[in-house]
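1. here is my input; please provide its structure:
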Amino acid sequence: MELQQQFEKAAEESKTLSEKPSNEILLQLYSLYKQGSVGDINIDPPSNPFDIVNKAKFNAWEALKGKTKDSAMQEYIALVQQLKG
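-> All right, here's what the predicted structure looks like:
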């Protein structure tokens, strides 16, 4: 199976995990997914300093700047497999 197909399958599987991952893991999933699907961050940081959730998402994605899409996809797939147990 091609990497892109595995990535899309893992994205679907991430929605049906038996247990809800911790917020830290959810941020990892989010940032790896965005890096794998979009590439380097291409949005402005949240303008509201009290928007903690979106600020955390922004920072997590920004931390992956420079990681290749393929590398992010592989890490995302591995993380979903690990969470599936």
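2. what residues sit buried inside the host helix or strand of residue 82?
-> Here residue 82 sits within helix 69-84, counting by DSSP states H and E. Within helix 69-84, the residues that count as buried by 16 or more other CB atoms under 10 Å are 69, 72, 73, 74, 75, 76, 77, 79, 80, 83. Using the backbone N, CA and C atoms, a C-beta is placed for each residue, glycine as well.
3. swap in stretch 46-58?
-> 46, 56, 57, 58.
4. which two in those are spaced the farthest apart?
-> 46 and 56 (9.7 Å; CB to CB).
5. shared neighbours of those two, anything?
-> Residues touching both residue 46 and residue 56 (CB atoms under 8 Å, 6 or more residues apart in numbering): none.
6. tell me the one of the buried residues of stretch 46-58 nearest residue 5?
-> residue 57 (25.6 Å).
7. tell me how far the nearest residue to the closest one once chain neighbours are set aside lies from residue 2.
-> Leaving aside its chain neighbours, residue 57 sits nearest to residue 30 (5.6 Å; criterion: CB to CB, 6 or more residues apart in numbering). Residue 30 sits 23 Å away from residue 2, going by CB to CB, to the nearest Å.
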